[in-house]
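Visitor: Build me a structure from this.
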Amino acid sequence: MAYKLTYFDFAARGEPARLIFAAANVKFVDNRVKMQDWPALKPTLEWGQMPVLQFGDKTLTQSKAIYRYLGRKFKLSGADEWESAQCDELVDAISDLVDEFVKFAIKEQDPVKKEELKKTFVTSTFPTFLMRINKRQMENSSGTCWLVGKTMTWADIVIAEMLRQISEAADPASLNGYPHVRKMFDNVFAQPNIKQYVDAMKK
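Guide: Numbers count the residues shown, from 1 in each chain. So this is what the prediction gives:
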């Protein structure tokens, strides 16, 4: 089955899906849309949004639905229904964090308000999230660095990538005080297929 993923020519909400493909070592058509082409493409999409995943005669939109589908398809969703539900929970949680990040990083245009929102995010919102994720990892009975169960899941991949994007823009040192989060993050990007993809994108 040939997969085609359509998204802008940058990371944001498209990159986690690309990384899931990479982790599973599944080839796909990486259809990257230039900003100047977006106005013409937008009205042709069912929800007027990207990313869009196409395979066979099927089309799937909404980023989390795509991540979840790929995670389950490629057996990256945990060992059972409970672990699969935990993956959903954790990705919903970081989606809330991303929404708060977007408020100052993209939506707010007033420089003073933007800086105020960023300060609150960096000093309160982001550390609170990292503390909770760190605690969740400590409570993972498998004793691994992963968020759910004994092996890497699509939730680890999505959260690691979102943390990469957020920390680079908000506070590059933010993960250092959370050793369990840092270990999960490092292990995701050290996964051979993901590392190969990331290294190729840097060239």
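Visitor: Helix or strand: which one has the residue nearest in space to the middle of the chain?
Guide: Nearest residue to the geometric centre of the chain (C-alpha atoms, centre = their mean): residue 158, 3.0 Å. Using DSSP states H and E, residue 158 sits within helix 154-170.
Visitor: by contact count, what packs against that helix?
Guide: helix 15-24, helix 63-73, helix 81-102, helix 126-139, helix 179-190 (3 or more C-beta pairs under 8 Å, 6 or more residues apart in numbering; DSSP states H and E). (C-beta placed from N, C-alpha, C; glycine too.)
Visitor: buried ones in it?
Guide: 154-167, 170 (16 or more other C-beta atoms under 10 Å).
Visitor: that older thread, quick check: chain neighbours aside, which residue is closest to the residue nearest to the centre of the chain?
Guide: residue 16 (4.3 Å; C-beta to C-beta, 6 or more residues apart in numbering).
Visitor: can you count the residues close to the one you found?
Guide: 28 (other C-beta atoms under 10 Å).
Visitor: Go ahead and confirm it touches residue 161.
Guide: Yes: Residue 16 is within contact range of residue 161, at 4.8 Å (criterion: C-beta atoms under 8 Å).
Visitor: still on that earlier bit, run through the residues that contact the residue nearest to the centre of the chain.
Guide: 16, 20, 67, 91, 94 (C-beta atoms under 8 Å, 6 or more residues apart in numbering).
Visitor: any idea how far the residue nearest to residue 158 is from residue 108?
Guide: To residue 108, residue 16 is 24 Å away according to C-beta to C-beta, to the nearest Å.
Visitor: Over to residue 70?
Guide: The value you get for residue 70 to residue 108, if C-beta to C-beta is used, is 32 Å.
Visitor: Then residue 35?
Guide: According to C-beta to C-beta, residue 35 and residue 108 sit 20 Å apart.
Visitor: okay, those two: which has more neighbours?
Guide: residue 108 (16 against 9).
Visitor: Could you tell me how many residues sit around the nearest residue to residue 138 once chain neighbours are set aside?
Guide: Among residues not flanking residue 138 along the chain, residue 180 sits closest, at 5.9 Å (C-beta to C-beta, 6+ apart). Number of residues near residue 180 (other C-beta under 10 Å) recorded here: 19.
Visitor: Do I have it right that residue 180 meets residue 146?
Guide: No: between residue 180 and residue 146 there is no contact under C-beta under 8 Å: 10.0 Å.
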